[in-house]
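Peer 1: Sequence plus predicted model, see below.
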Amino acid sequence: MKKEKLFNAVTQFALPILTISGQLAIALKYPHWGLLLALISEPFWLYSTWKSYKQVGQIGMFFNTVVFTVVTIVGLVNYWIL
């Protein structure tokens with residue numbers, strides 16, 4: 001239980017820091033770094049939205065996060081590999 005509380009606390013800080021940093025990097029014309037930061041934030045988003053789905057049935061948020069994760073991976077492949 002203590003590990004879950006710690007991860008919840010880390011998630012509450014990681015979500016805004018990584019997400020806003022990623023959006024800022026994209027806005028400053030560094031899309032490859034912005035997408036990387038966005039992808040790093042995705043496990044926290046998936047965890048948070050999965051808990052929301054399980055606790056109160058918010059499937060839309062979880063579905064949106066899964067789709068955003070896939071789109072971010074495609075963007076990273078586009079900027080870093082191709």
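Peer 2: Structure's in. What do you need? Residues are numbered from 1 along each chain as shown.
Peer 1: Nearest spatial neighbour of the residue positioned nearest the centre of the chain, chain-adjacent residues omitted?
Peer 2: For the chain, Glu42 is the residue whose C-alpha lies nearest the centre (CA atoms, centre = their mean; 2.5 Å). Leaving aside its sequence neighbours, Glu42 sits nearest to Thr69 (CB to CB, 6 or more residues apart in numbering; 4.6 Å). For the C-beta atoms, the positions are set from N, CA and C on the backbone; glycine is no exception.
Peer 1: So what's the residue count around the one you found?
Peer 2: Counted with other CB atoms under 10 Å, residues neighbouring Thr69 total 17.
Peer 1: Please tell me how far it sits from Leu46.
Peer 2: 7 Å (CB to CB, to the nearest Å).
Peer 1: try Gln23
Peer 2: From Gln23 to Leu46 the distance is 18 Å (CB to CB).
Peer 1: try Ile26
Peer 2: Distance from Ile26 to Leu46, by CB to CB: 20 Å.
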